[in-house]
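In: my questions are about this predicted structure, shown below with the sequence.
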Amino acid sequence: MSLGKINYCLKSLIVKGFIKVNNFRNSNNKIQYSYLVTPKGTEEKAKLTLDFIRIKTQEYDTLKQEIESLKQEAKNIDRNLL
C-alpha cells in the first residue's frame, strides 16, 4: 500500500471519528502524532472499519485510474493538435 493511499484512508477514518489524532504540543519533535482509537473504533466496529477501508481504497484506485486516463486523453489531444 502506498503512502498516499494510507494517508487518504487515515484521513477518512479521522473524519468518520474512528481515529482521533493528537499532536504533542510540548514535544521538541513537532512531527510526532498520537493516533488513538476512539470508542467508535472498538472491536464491534472492526468489521465496519475494514469495509470502510476497502471502499476508500477502491475509491482511491478509481480516482488514480481516472487521472491517468485524463492524462492520456490530454496527451492524445496535444498530439492531434501538432
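Out: All right, it came through fine.

In: surely K20 forms part of a strand?
Out: Yes - if the criterion is DSSP: H, G, I helix; E, B strand; the rest coil, then K20 is within a strand.

In: and it, how many neighbours?
Out: 15 (other Cβ atoms under 10 Å). In this view, the C-beta of every residue, glycine as well, is placed from N, C-alpha and C.

In: ok, now which ones touch I53?
Out: Contact analysis of I53 by Cβ atoms under 8 Å, 6 or more residues apart in numbering lists C9, L13.

In: please redo it, this time with the cut-off set to 10 Å
Out: I53 sits next to M1, K5, I6, C9, L10, S12, L13, F18 when contact means Cβ atoms under 10 Å, 6 or more residues apart in numbering.

In: helix or strand: which one has R54?
Out: helix 46-81 (DSSP states H and E).

In: what are the buried residues along that helix?
Out: T49, F52, I53, K56, Y60 (16 or more other Cβ atoms under 10 Å).

In: closest to E68 out of these?
Out: Y60 (12.7 Å; Cβ to Cβ).

In: would you confirm that that closest one contacts L3?
Out: No - judged on Cβ atoms under 10 Å, Y60 makes no contact with L3 at a distance of 11.8 Å.

In: near I14, how many other residues are there?
Out: Residues near I14, counting by other Cβ under 10 Å: 14.

In: need the pLDDT of the closest residue to it other than its chain neighbours.
Out: Among residues not flanking I14 along the chain, V21 sits closest, at 5.8 Å (Cβ to Cβ, 6 or more residues apart in numbering). We have a pLDDT of 74 for V21.

In: quickly list what V21 is bridged to.
Out: Y35 (DSSP bridges).

In: still on that earlier bit, out of the contacts of I53, who's nearest L82?
Out: Nearest to L82 among the contacts of I53, with distances taken as Cβ to Cβ, is K5, at 35.6 Å.
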